[in-house]
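Q: sequence first, predicted coordinates after that:
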Amino acid sequence: MPWRRAATENLDDNHVAAATWTSHYGGRWPSLADLKKAILPQLDGAEYFEHVTVLFEGGPADMFVDEIGHRKQLPRNELATAIYRAAWLDEHPTDHPESLPWIAGPAVLFGRRVWS
């Protein structure tokens, strides 16, 4: 397997896991199977995840959330929602944050792009 999960830690009580990856083969992207192995256990029993491109610490990053978190009526994740909305609100400062979608349930955040 060219990719392995190097670290996952809980950022806060909102269930946002910070994850990093290391590559053994020249910086290739992880496979979908690799991502599933690392992400799904962090999403509290989710069967499928949704990829969301976000801005984090000044650059593009990838976040993954439960694809049907809203349908499952998972609680709102305030930190993941703020991260998700940040790029849009930076470009559209007059938009009200609550007019934008929110994240339901846990999220896995990578500090950079890991999915193309």
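A: That came in fine, so what should we check first?
Q: mean pLDDT per helix and strand in this structure: which one sits at the bottom?
A: strand 3-10 (a mean of 38; mean pLDDT, DSSP states H and E).
Q: could I get the full set of strands for the chain?
A: 3-10, 16-23, 49-56, 59-66, 107-110 (DSSP state E).
Q: rank these by pLDDT, which is bottom?
A: Note on these: lowest mean pLDDT is at strand 3-10, with a mean of 38.
Q: ok, now how distant is Leu35 from Trp115?
A: Distance, Leu35 to Trp115, using Cβ to Cβ, to the nearest Å: 7 Å. Quick note: C-beta positions are derived from backbone N, CA and C, even for glycine.
Q: same question, His92
A: In terms of Cβ to Cβ, His92 sits 25 Å off from Trp115.
Q: who has more neighbours, Leu35 and Trp115?
A: Leu35 (23 against 12; other Cβ atoms under 10 Å).
Q: ok, the more buried one touching Tyr48?
A: No - counting by Cβ atoms under 8 Å, Leu35 sits too far from Tyr48 to count as a contact (11.6 Å).
Q: identify the contacts common to the two.
A: Shared contacts of Leu35 and Tyr48 (Cβ atoms under 8 Å, 6 or more residues apart in numbering): none.
Q: list the contacts of Ala46.
A: Leu40, Asp66, Glu67, Ile68, Gly69, Gly105.
Q: against Asp44, how distant is the second one?
A: So the one you mean is Asp66. Going from Asp66 to Asp44 by Cβ to Cβ gives 8 Å.
Q: same question for the third one.
A: Look at Glu67 and Asp44: by Cβ to Cβ, they are 13 Å apart.
Q: distance check, the residue of the chain positioned farthest from its centre against Val54.
A: Distance from the centre of the chain peaks at Thr94, with 25.3 Å (Cα atoms, centre = their mean). Distance, Thr94 to Val54, by Cβ to Cβ: 21 Å.
Q: same check on Pro75?
A: 20 Å.
Q: okay, these two: which has more neighbours?
A: Using other Cβ under 10 Å as the criterion, Pro75 and Val54 rank with Val54 on top: 20 against 11.
Q: surely the more buried one is in contact with Leu79?
A: No - Val54 lies out of contact with Leu79 (Cβ under 8 Å); the separation is 11.5 Å.
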